[in-house]
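Visitor: got a sequence here, can you build the structure:
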Amino acid sequence: MKKGINFLMIILIFTGCATKLTKEQSGQLLKAYSEKNFFKLGNLMSKVEFNKDNPDLILYKATLDNVFNKPAESIQLINILLDKYPKHFNDTTLQDLYSMRAQNSNRLQDYRNTYIDDSLVISKYKYLLDSAEIDSRNDDILFYRNLANVPKMEIIKDGDCQILLKRDMAGLFNVPVIIKNDTTDFVFDTGANVSVITASLAKKYGIKTIGSTVKIGGGTGIKINARIGLLDLKLGNIQIKNSYILIFPDSALSFGNGIYKMKGIIGFPIMYHLQEFEVKDDKFLIIPKKPEVTDNKNLALDNSFPVIMVVYKNDTLPFHFDSGASNTEFYSSFFQKYKKEIVANCKLEKTTFGGAGGAVTSETYIMDTVTISAGNSHCEIDSVRISQKDLLGNDVKYQYGNLGQDYIKQFSEMKINFASMNISFANKKIK
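Guide: All right, here's what the predicted structure looks like:
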């Protein structure tokens with residue numbers, strides 16, 4: 001297996017080894033794009049001579065810029081397609097373009113245009129969406145309408161930062177957060193697409209709220225009524241000003257009849273704008289002042305969900321990356337792809353899934369042992385759950401699973417770099 005695919009070639013001009021587009025390549029590109037297999041799409045595009053007059057190639061380039069964190073460049077290409085080639089694409093692709101532009105605007109903290117494009121998708125392409133997608137999109141529209149006039153978050157780094165971490169009783173990383181000169185522990189969770197604080201703490205700190213109540217999907221698909229707050233906080237010597245944060249009822253972050261409680265969560269919006277961080281020896285969170293530059297892109301963004309390139313049996317599969325999940329699990333797309341093997345070799349049992357908002361029970365297959373590769377590393381995981389039906393619906397339908405702590409904890413170092421879209425695991429622990 002190649003230890004990392006070089007995506008440096010995903011630029012407008014390719015080297016001489018690229019070839020003119022063939023019919024076979026066109027079909028492969030369309031398949032990778034349709035399946036949202038961004039890593040395969042990038043690899044295929046690196047082998048094709050880019051033609052700036054080919055709207056399909058512009059579409060794939062705009063998609064790669066979107067998922068590999070070049071939002072301004074992606075918007076520029078999307079605008080070209082919408083202005084020059086609107087009749088070239090069917091409504092499904094046009095809906096994808098407006099959705100991508102909304103995602104790009106969100107990453108640029110241009111919430112007004114995020115709201116406009118999300119609203120446009122509902123007004124023009126609602127007939128293409130199923131009920132779950134319509135419901136989710138309407139929730140997003142209300143959410144971003146509330147944020148439309150909010151100024152951008154500001155992150156001030158005086159230098160490199162090292163913060164002492166600890167694991168809580170659920171095995172999740174907790175980071176000390178300073179709010180109004182008071183320190184409290186928040187879960188540090190790559191799988192959370194929002195940052196969260198309990199209502200009781202929000203009241204204690206006098207957090208200002210904006211807009212109306214919004215609905216947020218929890219980890220099991222159960223929706224939570226929340227308010228949006230604006231908050232200044234510190235992580236070590238790093239100042240984070242004007243961050244939006246979701247205010248959840250205390251009960252939504254309480255588990256096991258109150259045995260385990262979270263006070264808050266540092267999620268994707270803050271992590272993304274930190275650009276790079278490293279978890280080392282299960283003790284330290286290291287945030288450099290400037291991110292490292294690397295060409296090995298094995299991390300992507302699907303909306304606000306980090307997606308990691310996972311290799312299973314020589315197949316390259318996109319997985320949701322969630323450091324807040326105790327266990328790795330495989331989604332229904334994985335079940336469908338390897339159904340014959342799974343049904344023949346894995347046992348079926350009832351499993352309870354817990355997350356923010358509550359718990360649900362579902363029948364899953366259990367794979368005793370599986371070997372996968374991710375982030376330039378590989379290891380075995382035991383007792384992996386395989387879902388026949390996904391609880392998160394549209395949010396995960398193009399991904400094959402979720403990489404959790406049972407993989408992450410086998411390594412002493414984990415580095416995530418959103419500036420270069422790279423993740424790495426190093427120094428495997430000896431069992």
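
Visitor: every contact and neighbour count from this point should use C-alpha atoms.
Guide: Will do.

Visitor: okay, now the unreliable bits of the stretch 101-250 of the chain?
Guide: Counting by pLDDT under 70, the stretch 101-250 of the chain has low-confidence residues at 218-221.

Visitor: show me the helices in the protein, by range?
Guide: 23-34, 38-45, 55-67, 71-84, 91-107, 111-125, 131-147, 199-205, 268-274, 332-337, 339-345, 405-408 (DSSP state H).

Visitor: can I get these in TSV with mean neighbour count and distance to Leu317?
Guide: Shown next, in TSV, are these (neighbours: other CA atoms under 10 Å; distance: least, CA to CA, whole Å):
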stretch	mean neighbour count	distance to Leu317
helix 23-34	14	11
helix 38-45	23	8
helix 55-67	23	15
helix 71-84	18	23
helix 91-107	21	21
helix 111-125	20	28
helix 131-147	18	23
helix 199-205	15	38
helix 268-274	20	22
helix 332-337	18	9
helix 339-345	12	16
helix 405-408	20	16
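
Visitor: elements contacting the strand ranked longest in the chain?
Guide: For the chain, the strand that runs over the most residues, judged by DSSP state E, is strand 358-374. Applying 3 or more CA pairs under 8 Å, 6 or more residues apart in numbering; DSSP states H and E, we find strand 358-374 packed against strand 305-312, helix 339-345, strand 347-355, strand 377-387.

Visitor: 6 Å - rerun?
Guide: Helices and strands touching strand 358-374, as assessed by 3 or more CA pairs under 6 Å, 6 or more residues apart in numbering; DSSP states H and E, comprise strand 305-312, strand 347-355, strand 377-387.

Visitor: just the CA trace of the longest one, in CSV.
Guide: So the one you mean is strand 377-387. Included here for strand 377-387 are C-alpha records, laid out as CSV according to Å, rounded to 0.1, in the frame of the first residue of the first chain:
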residue,chain,number,x,y,z
SER,A,377,-0.7,4.0,10.2
HIS,A,378,-2.5,0.7,10.6
CYS,A,379,-3.7,-1.5,13.5
GLU,A,380,-6.3,-4.0,14.6
ILE,A,381,-9.6,-3.2,16.3
ASP,A,382,-11.7,-5.6,18.1
SER,A,383,-15.5,-6.0,18.3
VAL,A,384,-16.5,-3.4,15.7
ARG,A,385,-20.2,-2.7,15.2
ILE,A,386,-21.7,-2.8,11.7
SER,A,387,-25.0,-0.9,11.3
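
Visitor: if I look at Leu147, how far off is Ser212?
Guide: 10 Å (CA to CA, to the nearest Å).

Visitor: now do Asp315
Guide: 45 Å.

Visitor: which one of the two has more residues nearby?
Guide: Ser212 (12 against 8; other CA atoms under 10 Å).

Visitor: does the nearest residue to Ser373 once chain neighbours are set aside have beta-bridge partners, and which?
Guide: Nearest non-adjacent residue to Ser373, counting by CA to CA, 6 or more residues apart in numbering: Val311, 5.0 Å away. Following DSSP bridges, Val311 is listed with bridge partners Thr316, Ser373.

Visitor: mind checking pLDDT for the residue nearest the centre of the chain?
Guide: Centroid-nearest residue in the chain, with CA atoms, centre = their mean: Phe305, separated by 1.4 Å. Phe305 is assigned 85 on the pLDDT scale.

Visitor: setting aside sequence neighbours, what's the nearest residue to it?
Guide: Nearest to Phe305 is Asn193, by CA to CA, 6+ apart, at 6.3 Å.

Visitor: and the gap between that neighbour and Lys70?
Guide: Counting by CA to CA, the gap from Asn193 to Lys70 is 19 Å.

Visitor: residues touching the residue nearest to Ser105 when sequence neighbours are not counted, list them.
Guide: Computed as CA to CA, 6+ apart, the closest residue to Ser105 that is not its neighbour in sequence is Thr114, at 5.4 Å. Each residue near Thr114 by CA atoms under 6 Å, 6 or more residues apart in numbering is listed here: 102, 105-106.

Visitor: now do Thr114 against Phe321, distance only.
Guide: Thr114 is 24 Å from Phe321, by CA to CA.

Visitor: domain ranges for the chain?
Guide: For the chain, automatic domain parsing gives the domain ranges 23-147, 154-287, 299-428.

Visitor: give me the distance between the two termini of the shortest one.
Guide: Domain 23-147 has an end-to-end distance of 45 Å (criterion: CA to CA).

Visitor: got it, and stretch 297-317?
Guide: 14 Å.

Visitor: could you give me the buried positions within that stretch?
Guide: For stretch 297-317, a neighbour-count test (16 or more other CA atoms under 10 Å) marks 297-311, 317 as buried.

Visitor: now stretch 179-187
Guide: In stretch 179-187, counting by 16+ other CA under 10 Å, buried: 185-187.

Visitor: repeat that for stretch 247-265.
Guide: Buried residues in stretch 247-265, counting neighbours by 16+ other CA under 10 Å, are found at 247-255, 261-265.

Visitor: perfect, that will be all.
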